[in-house]
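Visitor: how would this look folded up:
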Amino acid sequence: MKKKLKIIIPLIIAVILLVPLPTHYRDGGTVEYNAVLWGVTKHHEMTSDSAGNAGYNTGITVRILCFEVYSNYPQFVPEKKGA
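Guide: Purely as a prediction, here's the structure:
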């Protein structure tokens with residue numbers, strides 16, 4: 001019984017710390033995956049640039065232990081005309 005507990009308890013802790021919960025936003029398709037130890041945000045946000053052109057911002061942000069380790073957000077992609 002003790003041997004099983006020594007295996008089961010670390011597995012439960014690992015699942016709690018590492019398995020993400022997705023959150024979907026209604027801003028054009030942004031999805032955020034958050035776990036206790038890490039998080040990834042896939043940005044896809046409808047917006048317009050300073051000249052008034054419609055489009056959307058895209059990019060990815062990665063966080064490990066609450067520190068941002070990678071981000072290429074925002075990248076503005078203009079809306080295609082006539083599509």
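Visitor: looking at the helix or strand residue 46 falls within now, give me its mean pLDDT.
Guide: Assigned by DSSP states H and E, residue 46 falls within strand 38-48. Mean pLDDT, strand 38-48: 93.
Visitor: partner strands of it and their direction?
Guide: strand 31-34 (antiparallel), strand 54-64 (antiparallel) (DSSP bridges).
Visitor: give me the buried positions along it.
Guide: Within strand 38-48, the residues that count as buried by 16 or more other CB atoms under 10 Å are 38-41, 43, 45. C-beta coordinates here come from the backbone N, C-alpha and C atoms, glycine included.
Visitor: want to throw the strands paired with strand 38-48 into a markdown table with mean pLDDT and distance to residue 14?
Guide: Output for these, formatted as a markdown table (pLDDT from 0 to 100; distance: least, CB to CB, whole Å):
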| stretch | mean pLDDT | distance to residue 14 |
| --- | --- | --- |
| strand 31-34 | 97 | 16 |
| strand 54-64 | 94 | 16 |
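Visitor: TSV for these, including distance to residue 77 and mean neighbour count?
Guide: TSV is the format used below for the strands paired with strand 38-48 (distance: least, CB to CB, whole Å; neighbours: other CB atoms under 10 Å):
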stretch	distance to residue 77	mean neighbour count
strand 31-34	17	14
strand 54-64	5	16
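Visitor: how about the ones you listed in a markdown table, adding distance to residue 1?
Guide: Converted to a markdown table, the strands paired with strand 38-48 look like this (distance: least, CB to CB, whole Å):
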| stretch | distance to residue 1 |
| --- | --- |
| strand 31-34 | 35 |
| strand 54-64 | 36 |
